[in-house]
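# A structural model of the following input is requested.
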Amino acid sequence: MFDIAFSEMLIIAVIALVVIGPEKLPKVAKTIGHLLGKAQRYVSDVKSEINREMEIDELRKLQAEMQAAATKVESDVQTTLRDAEFDMNKSVKAIEDDIAELESSVPPVEPAVAPVVGPEKQSAVQPVKQATVQQAPTAPSGSAPKAEAK
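As a prediction, this is how the structure comes out:
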């Protein structure tokens, strides 16, 4: 706390011994020690309270920054969603307009009717017979075909 050298303390002790006297000096020294201890505890409490208040202020600033950042992100997401919804509705409207235009420009088509085949034409159509495939003769199992050498 105070910057007092040993020699200065010695001079103060000698003056206190002369002024107070040897009988009361231990009691006064004890009281001064208690008072200095209380003063040191008070100073340390004040320091810790100031540090605590500074930390609380820093945390409040950080909280405000985080809330501002969260609000900005939320508004950005809302804007993006709103723009995407607008673009999607615009595309859907364009597609609906194109469909309506196509439906109005194409004349209605009548369903095609399959021609009826009478009994006289059915006899002309004959089923195709399946040809049987004959197998080529195979070489005996012991002999292999010989390759021509050039």
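
# can you give me the helices for the chain?
6-20, 25-105, 119-122 (DSSP state H).

# need those helices in TSV with distance to residue 111, mean pLDDT and mean neighbour count, can you?
(Glycine included, C-beta is placed from N, CA and C.) Shown next, in TSV, are the helices of the chain (distance: least, C-beta to C-beta, whole Å; pLDDT from 0 to 100; neighbours: other C-beta atoms under 10 Å):
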stretch	distance to residue 111	mean pLDDT	mean neighbour count
helix 6-20	120	85	11
helix 25-105	17	94	10
helix 119-122	23	55	8
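
# what's the residue closest to the geometric middle of the chain?
With distances taken as C-alpha atoms, centre = their mean, residue 73 lies nearest the centre of the chain, 12.0 Å away.

# what's the distance between that one and residue 67?
11 Å (C-beta to C-beta, to the nearest Å).

# repeat for residue 51
In terms of C-beta to C-beta, residue 51 sits 25 Å off from residue 67.

# Over to residue 39?
42 Å.

# Residue 40 too?
From residue 40 to residue 67 the distance is 41 Å (C-beta to C-beta).

# swap in residue 41?
Taking C-beta to C-beta, one finds residue 41 at 38 Å from residue 67.

# Please apply the same query to residue 11.
Taking C-beta to C-beta, one finds residue 11 at 61 Å from residue 67.

# same question, residue 95
Counting by C-beta to C-beta, the gap from residue 95 to residue 67 is 42 Å.
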